[in-house]
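S.K.: Just to be clear, the model below is a prediction. Sequence and coordinates:
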Amino acid sequence: MTGTEPAVQRIDTSKPHPARVYDWFLGGKDNYPVDEQLGRQITSLDPGAPRTARANRWFMQRATRMLVRESGIRQFLDVGTGIPTEPNLHQIAQSTAPDARVVYVDNDPIVLAHAAALLRGTPEGATEYLQADAREPLTILQQAARVLDFDRPIALSLIALLHFIPDEDGARELVDTLIDALAPGSCLVLSAMTADLEPEKVARGIAAYAAGGVTLVARSHAEVSSIFKGLEPMDPGIVSVSEWHPELAEGETPLGEGPVSLYGGVGFKV
């Protein structure tokens, strides 16, 4: 990791950014008025947008807890990290397994500027941040191998990433390349936007993001399930993230009634 000053200089605060809008949805402080403006515009079209962001965050936390406590996973590769709103993945993993090793990957100067917060892990384990593009999986694998042992199981975390990458830009290929490099016993943890549950609201949200210069892709249940092809799904399979092991909730506030338009799931490589 290089210093954060060049990254700060590259941050454009004149345009909204999805990572900062997401941070605003979560109640974070690492966003600017232009991000809040887009966030409020999206919320006016879809009042459930902040709720969806919280549900997605909680899915990541639940999945991490289960993998550490019940599956013995001690290595995590989190691609498309985003702004480190706490508690983040390494904090969840290392609170149970202090020796857990976590590599965060993002190519965003905003995330790089906050990378120091990502690196405060336990002395027994390892927490590292790599600046790399998700569309260059071979580069990610090469750099991550300096921290992670690819001969042992790794949880590949792709949380709310693929709806920013259409299939024509190589979404399926990047997932396949990363999974192919993992040892048996590894797993994919994935959440992705869908229009199956609330088609009109999701369409309005996609349009609002597009007006802010951000392209989103909604995928059907069949399309998300196909990403897990060849993997052994963990119960309950591919479901709305709010329905994935709610018994693992810790510190979550009630979401209220209604669907959450993100599918999530965990699949193991056998």
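M.R.: Yes, it's here. Values in this document were obtained by computation on a predicted structure and should not be read as measured data.
S.K.: Which residues does whichever strand or helix holds L156 contact?
M.R.: Here L156, judged by DSSP states H and E, is contained in strand 155-159. Contact with strand 155-159 is made by 56, 59-60, 63-64, 67, 73, 75-80, 89, 175, 178-179, 182, 186-191, as judged by Cβ atoms under 8 Å, 6 or more residues apart in numbering. To be clear about C-beta, it is placed using only N, CA and C from the backbone, and glycine gets the same treatment.
S.K.: out of those, which are inside helices?
M.R.: Counted as lying in helices by DSSP state H, out of the contacts of strand 155-159, are 56, 59-60, 63-64, 67, 89, 175, 178-179.
S.K.: could you dump those to CSV with distance to A134?
M.R.: Listed next are the ones in helices among the contacts of strand 155-159 as CSV, based on distance: Cβ to Cβ, whole Å:
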residue, distance to A134
N56, 17
F59, 19
M60, 16
A63, 19
T64, 19
L67, 21
L89, 16
V175, 10
L178, 9
I179, 14
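S.K.: Show me which of those are buried.
M.R.: Buried members of the ones in helices among the contacts of strand 155-159, scored by 16 or more other Cβ atoms under 10 Å, are 56, 59-60, 63-64, 67, 89, 175, 178-179.
S.K.: number of nearby residues for G82?
M.R.: G82: 24 surrounding residues under other Cβ atoms under 10 Å.
S.K.: who's in contact with the nearest residue to it once chain neighbours are set aside?
M.R.: Distances taken as Cβ to Cβ, 6 or more residues apart in numbering place A19 nearest to G82, at 4.8 Å, with adjacent residues excluded. Residues near A19 by Cβ under 8 Å, 6+ apart: 82-83, 108, 110-111.
S.K.: Let's see that with 10 Å instead.
M.R.: 28, 30-31, 35, 80-83, 85, 106, 108, 110-111, 114 (Cβ atoms under 10 Å, 6 or more residues apart in numbering).
S.K.: likewise G265?
M.R.: 59, 63, 187-192, 224-225, 227-228, 231, 233-239, 241, 244.
S.K.: Show me where this protein dips below the pLDDT cut-off.
M.R.: 1-10 (pLDDT under 70).
S.K.: Which residue lies nearest the spatial centre of it?
M.R.: For the chain, the residue nearest the mean C-alpha position is I159 (2.2 Å; Cα atoms, centre = their mean).
S.K.: Stretch 234-243 spans what distance, first to last residue?
M.R.: 13 Å (Cα to Cα, to the nearest Å).
S.K.: buried residues in that stretch?
M.R.: Result for stretch 234-243 [16+ other Cβ under 10 Å]: buried residues 234, 238-242.
S.K.: Kindly report the same for stretch 12-29.
M.R.: Neighbour count says stretch 12-29 has 16-26 buried, by 16+ other Cβ under 10 Å.
S.K.: Check stretch 79-91 too.
M.R.: Buried residues in stretch 79-91, counted by 16+ other Cβ under 10 Å: 79-85, 88-91.
S.K.: Tabulate the residues you listed (a markdown table), appending distance to D133.
M.R.: Below are the buried residues of stretch 79-91 laid out as a markdown table (distance: Cβ to Cβ, whole Å):
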| residue | distance to D133 |
| --- | --- |
| V79 | 10 |
| G80 | 10 |
| T81 | 13 |
| G82 | 14 |
| I83 | 17 |
| P84 | 19 |
| T85 | 22 |
| N88 | 21 |
| L89 | 20 |
| H90 | 21 |
| Q91 | 25 |
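S.K.: Among those residues, which are located in strands?
M.R.: Those of the buried residues of stretch 79-91 mapping onto strands are V79, per DSSP state E.
S.K.: Looking at the buried residues of stretch 79-91, spot the one nearest G258.
M.R.: Nearest to G258 among these is T85, at 23.0 Å by Cβ to Cβ.
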